[in-house]
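Chemist: Got a predicted structure plus its sequence, pasted below:
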Amino acid sequence: MSAVTSSSDDLWRPADSGGRQEFWEGVHDSKDVDGVSWWQSVPGLSLGLVDSTGLRPDEPIIDVGAGWSTLVDHLLERGCRDLTAIDLSATALQTVRDRLGDAGRQVVLEVADVLDLHPSRRFALWHDRAVHHFLTEADERADYVASLERSLRPGGWLVVATFGPDGPTTCSGLPIVRFTHEELAAQFPGYRLVDTAGEEHETPWGSTQQFTAVLMRRPGGQDSRS
């Protein structure tokens with residue numbers, strides 16, 4: 001994976017699933033919802049890419065590493081009826097459950113590790129904003145793709161957003177990997193790149209972070225896009 005910029009190798013990072021879960025539970029337990037840099041009340045970049053797929057409202061969508069994200073809220077407002085969100089933090093998911101209330105009682109919120117995901121069914125769309133750039137090791141990125149392959153149906157859509165080449169070099173005290181559009185798309189060999197996008201995300205305290213995003217499609221299934 002050449003030309004990908006990573007942060008300093010001497011930063012501490014959790015080494016296994018248990019460590020990752022403890023770390024992210026601690027982050028969500030110790031901060032306010034708008035006390036993390038990635039918080040946004042309206043996930044415009046993600047919504048634009050999801051909308052462009054033209055998926056029917058009844059098709060299943062999974063948001064991985066969802067945290068406190070409001071993506072499922074906005075998808076519900078758009079009429080989507082089969083939504084799943086996973087995260088390592090039970091605290092984060094409980095906050096989402098409380099926020100959704102009765103309107104989101106059918107949304108599946110599950111504590112799970114995206115690097116070891118074994119769903120009972122496959123999804124029409126996989127969404128990830130700000131998880132993949134924490135995968136600084138090649139074996140972690142391979143585990144992520146393996147989970148994706150088990151989870152996304154043939155012909156399914158992939159939306160992934162990470163820090164761009166001019167984005168931060170660390171996040172929540174952890175090292176990250178930054179990607180151009182081409183480098184990010186190359187992480188998913190065999191998938192067709194359909195669109196690229198990006199944004200200068202404004203953090204709750206007024207600084208900006210560059211995000212890179214790709215919309216890709218897994219081969220197979222009923223592919224009507226040219």
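Modeler: Noted; the coordinates are in hand.
Chemist: And the strands in the protein?
Modeler: 5-6, 61-64, 83-87, 108-111, 123-129, 152-163, 170-171, 174-175, 177-178, 192-202, 208-217 (DSSP state E).
Chemist: just those strands: most buried one?
Modeler: strand 61-64 (a mean of 27; mean count of other Cβ atoms under 10 Å). (Each C-beta comes from the backbone N, C-alpha and C, glycine too.)
Chemist: Tell me, please, the helix or strand in this protein that averages the lowest pLDDT.
Modeler: strand 5-6 (a mean of 50; mean pLDDT, DSSP states H and E).
Chemist: that older thread, which one of the strands of the chain lies closest to Leu184?
Modeler: strand 208-217 (5.1 Å; Cβ to Cβ).
Chemist: so what's the residue nearest the centre of the chain up against?
Modeler: With distances taken as Cα atoms, centre = their mean, Asp128 lies nearest the centre of the chain, 1.5 Å away. Residues counted as contacts of Asp128 (Cβ atoms under 8 Å, 6 or more residues apart in numbering) are Asp63, Val64, Gly65, Val114, Val159, Val160, Ala161.
Chemist: at 10 Å instead, please
Modeler: Contact analysis of Asp128 by Cβ atoms under 10 Å, 6 or more residues apart in numbering lists 46, 62-66, 114, 144, 148, 158-162, 213.
Chemist: same deal with Ser37?
Modeler: Shown in contact with Ser37 (Cβ under 10 Å, 6+ apart): Ala130, Pro168, Cys171, Ser172, His201, Glu202, Thr203, Pro204, Trp205, Ser207, Gln209.
Chemist: Appreciated, that's everything.
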